[in-house]
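Enquirer: Got a sequence here, can you model it:
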Amino acid sequence: MVIIHSLNIQINEIITYIKEHYNTINSIDELSNHFGYSCFYFSRVFKKETGFSIKQFISSLKMEASINNLVIKNNSVLASHLKAGFLSATTFSKNFEKQTGVTPKQYQKSLKRLYSFMKDYEQIEKISHSHYENPVKQEINSKCVVTLDYPSSYEKGVSFIGLFKHPIPNHRPIVGKAVVGSKICILDNIPPGNYYLLACSIEKNGRLSDYFVLNKALRCKIDNGITFPKQHMAIFNLTFRKALPEDPPININLPKLLFDDLK
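Expert: Predicted structure coming up:
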């Protein structure tokens with residue numbers, strides 16, 4: 001048993017451990033015992049430090065693995081869910097559709113069509129499109145301005161910026177925007193609530209897998225939640241970086257989200 005004296009200080013190590021062993025972790029009790037803590041304390045501090053539960057995190061890791069199996073390895077739906085650690089085909093299909101918006105079979109069938117769409121979209125010199133999950137008319141038009149910084153050698157393609165209910169991007173954003181050729185993004189018509197500002201960028205002229213398995217996409221975020229409405233316009237700067245071992249997966253089908261919005 002590994003004893004950690006300060007759980008919140010070691011949270012990145014715990015996340016890395018879960019990423020490496022999620023397929024063999026049988027219970028949260030087992031995981032908390034490994035690190036020398038009670039299940040209640042371990043779960044509470046993990047949620048406080050990350051914003052998401054251990055169960056949500058493990059589920060997202062399994063989903064990322066299943067997407068990888070479908071896209072890169074071209075496995076069958078059955079093989080994908082078994083290799084990812086889902087014991088129930090029904091649970092797998094339900095969770096998959098919840099996170100990506102389509103069934104596993106539909107996801108696999110749409111890859112080439114959406115890849116072609118993304119290749120065309122990223123070639124436009126300058127374009128942007130907003131997504132509103134639940135569009136409503138508001139008396140106060142809450143908005144935030146986001147400036148985007150990229151590595152100097154990075155071939156900028158399509159960047160996705162969004163406000164999410166949770167700091168793990170395994171669900172559609174409340175408000176989001178896809179941009180090409182711009183370092184400024186404005187998110188407007190933001191409904192009241194507390195959200196997390198997350199972003200990722202897919203390098204131009206990538207392979208098909210680069211648009212769907214997003215572990216190689218650049219990403220950035222604001223660590224703390226943002227509450228809207230605000231008395232003044234919220235302004236943030238995001239600097240894109242490579243994914244870190246402790247970063248959670250990005251399982252949203254971003255090409256489909258953009259394609260459906262533009263349709």
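Enquirer: where along the stretch 101-250 of the chain do the helices fall?
Expert: Here the stretch 101-250 of the chain has its helices, by DSSP state H, counting those that start in this stretch, at 104-109, 111-123.
Enquirer: Tabulate the ones you listed in TSV, adding columns for mean pLDDT.
Expert: What follows is those, written out as TSV (pLDDT from 0 to 100):
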stretch	mean pLDDT
helix 104-109	93
helix 111-123	96
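Enquirer: Is it possible to get a markdown table of the ones you listed that adds distance to Asp260?
Expert: Placement of C-beta: from N, CA and C, glycine included. Below are these laid out as a markdown table (distance: least, Cβ to Cβ, whole Å):
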| stretch | distance to Asp260 |
| --- | --- |
| helix 104-109 | 12 |
| helix 111-123 | 10 |
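Enquirer: so which of those gets nearest Ser88?
Expert: Evaluated over the helices of the stretch 101-250 of the chain, closeness to Ser88 peaks at helix 104-109, with 13.3 Å, by Cβ to Cβ.
Enquirer: on contacts alone, who are the packing partners of the closest one?
Expert: helix 54-71, helix 77-83, helix 89-100 (3 or more Cβ pairs under 8 Å, 6 or more residues apart in numbering; DSSP states H and E).
Enquirer: Return the set of buried residues in stretch 84-100.
Expert: Within stretch 84-100, the residues that count as buried by 16 or more other Cβ atoms under 10 Å are Ala84, Gly85, Phe86, Phe92, Ser93, Asn95, Phe96, Gln99, Thr100.
Enquirer: can you name the two of those that are farthest apart?
Expert: It's Gly85 and Thr100 that sit farthest apart of these, by Cβ to Cβ, at 17.2 Å.
Enquirer: ok so, going back, now, which of the buried residues of stretch 84-100 sits nearest Met233?
Expert: For the buried residues of stretch 84-100, the nearest to Met233 is Gln99 (31.5 Å; Cβ to Cβ).
Enquirer: Just give me the neighbour total for the residue nearest to Lys230 when sequence neighbours are not counted.
Expert: Of all residues not flanking Lys230 in the chain, Ser142 sits nearest, at 6.6 Å (Cβ to Cβ, 6 or more residues apart in numbering). Around Ser142 there are 19 other residues, counting by other Cβ atoms under 10 Å.
Enquirer: Contact partners for Ser142?
Expert: Asp188, Asn189, Ile190, Pro191, Pro192, Phe228, Pro229, Lys230 (Cβ atoms under 8 Å, 6 or more residues apart in numbering).
Enquirer: filter those residues to the buried ones?
Expert: Applying 16+ other Cβ under 10 Å to the contacts of Ser142 flags Ile190, Pro191, Phe228 as buried.
Enquirer: Show me these that map onto strands.
Expert: Phe228 (DSSP state E).
Enquirer: Could you single out the nearest of the buried ones among the contacts of Ser142 to Thr147?
Expert: Looking across these and measuring by Cβ to Cβ, the closest to Thr147 is Ile190, at 17.3 Å.
Enquirer: where's the closest one relative to Lys177, distance?
Expert: 12 Å (Cβ to Cβ, to the nearest Å).
Enquirer: Any stretches of the stretch 101-250 of the chain with poor pLDDT?
Expert: Applying pLDDT under 70 to the stretch 101-250 of the chain flags residues 231-232.
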